[in-house]
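Visitor: sequence plus the predicted model coming up.
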Amino acid sequence: MNPGNIVNSLLCPNCQASNLLDARTCSHCKASLAVVRAQYYLDLADADVTATHYEQASSNLTQADVEMIGINSDERRQKLLTARAFWLQGLIYYHKGRISDSCTVLQLALHNLEGISGGEGLMAKVLNRLGNAALYERNPDAISYYQRSTEVARMSGDYSTAAMAMSNLGLLYTMEGPTEQAFVWLERAVEMAERSGDMTRLGGTYRMIASLYAEVGPYSYALAYIAKALALCDRISDTTALCRIYYNAGEVYLFYNDLEQAEQWLLQSDELATRSDYKLLHRSNLITLSALMRAKGEYDAALSYASRAYNQLNLDPTSHSEAITELVLYNIDMGAWTHASRYIQRLEELGASISNQDNLYRARTLLYAAQGQWNEAEQSFAEAKILAHRQHKTYRITNLQEEYAVRLLASIGARHNPIIQARAHALLNEAATTYQQMEMPLRYARIATLLGETPPQDAG
């Protein structure tokens, strides 16, 4: 929203007289205009955050703070205004990737809203955003934040925020399982979003469902739901929501092996995320673009994207792990095993979060396979498989089977080792069967080509 679209005069809450914006007291009854001036600047900041004009939003929040200093006659009103200011500051920090700072001010917003009537809608939003921050940091409090947000939003009739919290519960179960619960929450989120008429939330829920089907199949559903999300983009003005839909479209098509469409949507997402200073999604775009460029064989570009993601100082734990993994895979492709080993050590240092363990087992499996350390590769692959099955990540383990088989076949001595040939062939056959079941013909065709080039060997 442009400040020019907001009236430049204010109504006195006491006598309803119109006053110029720069007036601090009513020209008629001399009442203080601090509350309406604070609300004015908060409205401006809210519009700036929506438009991703974060520096201007911060400036307007500063002006709102100045006005709120003198408000002490109505504790409830002061707390609601203060909570809204903290909420907006929390959003700015969040989208700039400052998750810890975001959590701090969002907790202050929540503290001001507790026990205050009239703030339920904002409380639901604050709880949902705290859930997002907890999810990024792999904090188990995420589920309780989302559940409470859902309850508060539904009680206050805020079906859009209820849909948002429900879809985030679906995301949580998508990441950590069981996927049956993920589908339950996402279907509820669709119902709530339709009830609210909020196209932004409906599009966001569709993209989450698409991502879930991309992991577990059938893939025709993933493509259908991402098409539904993209069809709503002309009716969505929220820049960050558009970024996420474009990003998920790129990811879905990359998994599917439609590299042309994947690149189109990822570049569109990255351009929008860069322009709007949406750092969290910008990192995800860089990492996924690196994977895309590796798939295309454009290794200089792959290294550039992965390095740019890795070199950002305040990476959240998930992005840091994924950026390191991309650098491992690049160095394996280049035969730079020492460098790959060093990056794997950095993965080991990140800790034992589920996401990091998944990346660590994948990286170890592929490096060991490339080096011809087949027993170690099998052990790491078994660990990766256990974790993926625990999370019901069908695509993830199938993709690793394909990657692992390719590395085995390219490893030292594999061409003259019938046992390794047979193992790689079995992995490719299993992957091909799963891709068929998941309705992924482009991935199946790629496996079929590999199988044609690697006839089965007699392991006996």
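Guide: That came through fine.

Visitor: point out where the stretch 351-460 of the chain drops to low pLDDT.
Guide: For the stretch 351-460 of the chain, residues meeting the criterion pLDDT under 70 lie at 351-355, 454-460.

Visitor: in it, which spans are strands?
Guide: With DSSP state E, counting those that start in this stretch as the definition, the stretch 351-460 of the chain shows no strands.

Visitor: with the chain instead?
Guide: Secondary structure of the chain, counting by DSSP state E: strands at 9-11, 18-20.

Visitor: which one of those strands lies nearest to Ser27?
Guide: Checking the strands of the chain against Ser27 by Cβ to Cβ gives strand 18-20 as the closest, at 5.7 Å. To be clear about C-beta, it is placed using only N, CA and C from the backbone, and glycine gets the same treatment.

Visitor: for the closest one, packing partners?
Guide: Strand 18-20 sits against strand 9-11, with contacts defined as 3 or more Cβ pairs under 8 Å, 6 or more residues apart in numbering; DSSP states H and E.

Visitor: what's the strand it packs on in contact with?
Guide: Contact with strand 9-11 is made by 17-21, 23, 33, 36-37, 40, as judged by Cβ atoms under 8 Å, 6 or more residues apart in numbering.

Visitor: okay, now the sheet partners of that strand, with direction.
Guide: Applying DSSP bridges, strand 9-11 is found paired with strand 18-20 (antiparallel).

Visitor: which residues touch the nearest residue to Asn429 once chain neighbours are set aside?
Guide: Among residues not flanking Asn429 along the chain, Leu451 sits closest, at 7.0 Å (Cβ to Cβ, 6 or more residues apart in numbering). Residues near Leu451 by Cβ under 8 Å, 6+ apart: 425, 428-429, 432.

Visitor: repeat for Ala57
Guide: Residues counted as contacts of Ala57 (Cβ under 8 Å, 6+ apart) are 44-46, 48-49, 88, 92.

Visitor: what does Ile143 give?
Guide: Neighbouring residues of Ile143 by Cβ under 8 Å, 6+ apart: 131, 169, 172.

Visitor: where does the stretch 1-150 of the chain have low pLDDT?
Guide: Residue ranges of the stretch 1-150 of the chain with pLDDT under 70: 1-8, 70, 72-74.

Visitor: related to what we said a few turns ago, identify, from the contacts of Leu451, the entry nearest to Ile116.
Guide: Looking across the contacts of Leu451 and measuring by Cβ to Cβ, the closest to Ile116 is Ala432, at 59.1 Å.

Visitor: looking at it, that closest one is touching Ile447, isn't it?
Guide: Yes: between Ala432 and Ile447 there is a contact under Cβ atoms under 8 Å: 4.1 Å.

Visitor: from Leu130, how far off is Ser196?
Guide: 21 Å (Cβ to Cβ, to the nearest Å).

Visitor: for those two, indicate the residue with more neighbours.
Guide: When Ser196 is set against Leu130 and neighbours are counted by other Cβ atoms under 10 Å, the residue ahead is Leu130, at 25 against 20.

Visitor: list buried residues within the contacts of Ala57.
Guide: Those of the contacts of Ala57 that meet the buried threshold are 44-46, 48-49, 88, 92, by 16 or more other Cβ atoms under 10 Å.

Visitor: which two of those have the greatest separation?
Guide: In the buried ones among the contacts of Ala57, the most distant members under the criterion Cβ to Cβ are Leu44 and Ile92, with 13.4 Å between them.

Visitor: contacting residues around Glu439?
Guide: By Cβ under 8 Å, 6+ apart, the contact list for Glu439 reads 217-220.

Visitor: could the residues you listed go into JSON lines alongside pLDDT?
Guide: Output for these, formatted as JSON lines (pLDDT from 0 to 100):
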{"residue": "Gly217", "pLDDT": "91"}
{"residue": "Pro218", "pLDDT": "94"}
{"residue": "Tyr219", "pLDDT": "95"}
{"residue": "Ser220", "pLDDT": "95"}
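
Visitor: sounds good, over and out.
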